[in-house]
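fold the stuff below for me.
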Amino acid sequence: MESQKQVIERLRTAFRSGVTTPLQFRLTQLEALLSLLEDNEPQILEAMHKDLAKPKFEAVLSEVDLVVNDLCHTISNLHSWMQPSYVGKNLATKLDDCFVRREPLGLVLIIGAWNYPLQLIVAPLIGAIAAGNCAILKPSEISKATEQLLSALIPKYLSQECYAVICGGAEETKLLLENRFDHIFYTGSQAVARSILQAAAVYLTPVTLELGGKCPCLIYGRLDIKAGAKRLVWAKFFNVGQSCVAPDYVLCTTEMRDALVPAIREALEEFYGPQAQQSPDYGRIITDRHYDRLMELLGKSEGKVVIGGDGAKEDRYMAPTVIVDLKESDALMQEEIFGPILPIITIESLDQGISFINQREKPLALYVFSDEPQIVTTVLERTSSGGFCSNDGIVHMTLPGLPFGGVGASGMGSYHGRWTFETFSHRRGCMLRGWGLERISMLRYPPYSERRLGWLRWATTAKKKGWGGCSVM
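Prediction:
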């Protein structure tokens with residue numbers, strides 16, 4: 001069995017050979033990845049169910065189809081993405097070819113997370129392949145069944161010289177991070193992200209961090225309460241709340257809360273029946289440790305449980321839970337919940353709600369529910385977040401054309417569709433010069449004079465209208 005260093009050296013040698021550069025190689029690998037998903041969908045769904053009791057419906061939507069759509073979008077557009085982008089020129093560079101060329105970075109490391117164990121490995125991999133890189137994949141050891149499946153399937157379908165899966169826990173990841181990579185792409189917690197940044201700093205390795213945080217859902221003004229409650233419940237309790245973009249808490253007026261809670265209760269019963277534990281459409285908490293953490297948070301809360309609050313550790317089942325009458329200092333408001341607990345905080349005005357959001361770290365996603373466009377626009381313009389969606393939750397991240405990523409404490413960098421290709425590409429500014437216009441070039445040579453400086457500034461300075469050029473030769 002190869003050591004980590006041997007695997008890394010093998011892949012780096014493959015990259016240096018130039019094998020990953022041609023368009024046809026990239027397309028062949030992307031099509032092989034598509035075959036992997038299509039040929040093995042039953043096994044993928046079975047692994048998801050073993051890890052998270054994830055319903056087939058949710059697994060197909062969030063793991064298989066989302067990745068397949070991204071793959072098809074990339075395959076269809078890759079040729080155009082790889083073309084050089086020509087830029088505007090000034091008089092001094094009029095005869096030159098000036099363009100941006102996308103080039104692969106080299107050997108990249110992709111570290112996945114357990115909550116969407118296929119999507120969060122394969123979606124970044126699509127862009128890494130499309131951009132012409134070699135890649136090492138580190139799936140989460142917590143979602144054991146999916147980790148084992150990926151480690152078996154990736155070498156079967158993709159080039160073993162260019163792509164590898166390394167399994168293991170925290171110790172193996174720590175050892176892996178001691179090696180040099182050309183980019184590190186990590187999805188997970190802020191605590192681990194800090195360790196990854198420290199490791200990357202040794203080699204000045206660029207990183208993409210897809211983290212999380214407390215994603216607020218601000219509900220204000222006129223609203224179809226029943227429709228709003230259904231969309232909120234779906235977004236919050238999809239994958240049992242174990243989503244980095246799930247609404248973490250709700251901000252609304254007292255009147256809205258009093259109308260919303262019964263509507264949430266009705267939506268929950270419609271979705272999962274009177275006993276969610278018996279529903280085949282409601283998943284489970286990933287491990288006993290994660291279950292204990294959620295129950296401990298719930299126990300520390302001084303809020304009032306109005307829906308749910310119970311669970312069964314032997315089944316890792318936690319009921320959909322709604323809590324009201326919380327203070328800002330409540331235990332549930334101190335960290336990302338990442339589970340099926342929905343606190344509702346009351347506000348007296350839209351300004352107060354916006355201020356509440358802005359006083360905290362910038363979230364990965366921000367949701368506003370309102371039938372009044374001016375309210376939606378006001379929240380959009382006066383807040384900052386990784387992504388934004390009005391009158392729904394999570395769905396904004398399913399569109400390949402939109403960048404998905406955090407800002408501030410919720411992460412850095414973005415991906416999905418072309419954005420993943422750009423993340424794993426170096427944008428190389430290129431100028432191909434000939435020997436024309438030498439009389440202009442002569443203006444920059446010593447001995448210097450005021451007259452030459454004046455002519456040079458005229459030839460190189462950007463004009464107010466249209467594309468100008470750089471004022472430095």
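
can you give me the helices for the stretch 201-350 of the chain?
Ranges of helices within the stretch 201-350 of the chain are 225-237, 254-272, 288-300, 350-358, based on DSSP state H, counting those that start in this stretch.

the first one - what's its average pLDDT?
Put plainly, it is helix 225-237. What helix 225-237 shows for mean pLDDT is 98.

which residues sit against it?
Helix 225-237 is contacted by residues 217, 219, 246-247, 250, 259-260, 263-264, 266-268, 270-272, 282, 320, 340, 342, 367, 369, 391-394 when judged by Cβ atoms under 8 Å, 6 or more residues apart in numbering. Where C-beta positions appear, they are placed from N, C-alpha and C, glycine not excepted.

output it as CSV - backbone C-alpha positions only.
Taking Å, rounded to 0.1, in the frame of the first residue of the first chain, the C-alpha atoms of helix 225-237 are listed here in CSV:
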residue,chain,number,x,y,z
ILE,A,225,-48.3,32.2,6.2
LYS,A,226,-49.2,28.6,5.1
ALA,A,227,-46.9,28.7,2.0
GLY,A,228,-44.2,30.4,4.0
ALA,A,229,-44.4,27.9,6.8
LYS,A,230,-44.1,25.0,4.3
ARG,A,231,-41.0,26.4,2.6
LEU,A,232,-39.4,27.2,6.0
VAL,A,233,-40.1,23.7,7.4
TRP,A,234,-38.8,22.1,4.2
ALA,A,235,-35.6,24.1,4.2
LYS,A,236,-35.0,23.7,8.0
PHE,A,237,-35.7,20.0,8.4
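
and that helix, which residues are buried?
Residues of helix 225-237 classed as buried: Ile225, Gly228, Ala229, Lys230, Arg231, Leu232, Val233, Ala235, Lys236, Phe237 (neighbour count, 16 or more other Cβ atoms under 10 Å).

check the offset of that helix from the chain's centre.
Here helix 225-237 is found 23 Å from its chain centre; the criterion is Cα atoms, centre = their mean, to the nearest Å.

list the helices and strands the worst-scoring helix or strand of the chain on mean pLDDT packs on?
Least confident helix or strand of the chain, by mean pLDDT, DSSP states H and E, is helix 438-441 with a mean of 84. Using 3 or more Cβ pairs under 8 Å, 6 or more residues apart in numbering; DSSP states H and E as the contact test, the elements touching helix 438-441 are helix 450-460.

quick one on the thing from earlier: could the helices of the stretch 201-350 of the chain go into a markdown table alongside distance to Glu103?
What follows is the helices of the stretch 201-350 of the chain, written out as a markdown table (distance: least, Cβ to Cβ, whole Å):
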| stretch | distance to Glu103 |
| --- | --- |
| helix 225-237 | 39 |
| helix 254-272 | 48 |
| helix 288-300 | 41 |
| helix 350-358 | 39 |
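
please identify the most buried of these.
Across these, averaging neighbours per residue (mean count of other Cβ atoms under 10 Å) puts helix 225-237 on top, at a mean of 21.

also compute the angle for that one relative to helix 254-272, please.
Interaxial angle of helix 225-237 relative to helix 254-272 (axes from the mean of the first three to the mean of the last three Cα atoms, to 10 degrees): 70 degrees.

so His426, which state does it fall into?
strand (DSSP: H, G, I helix; E, B strand; the rest coil).

can you give me the neighbour number for it?
15 (other Cβ atoms under 10 Å).

distance of it relative to Gly132?
From His426 across to Gly132, the span is 10 Å (Cβ to Cβ, to the nearest Å).

overlap in contacts of the two?
Glu103, Pro104.

where exactly do the helices run in the stretch 351-473 of the chain?
Ranges of helices within the stretch 351-473 of the chain are 373-382, 418-423, 438-441, 450-460, based on DSSP H, counting those that start in this stretch.

other residues contacting stretch 150-159?
Contacts for stretch 150-159 (Cβ under 8 Å, 6+ apart): 14, 19, 29, 32-33, 35-36, 40, 117-118, 121, 137, 139, 163-165, 167.
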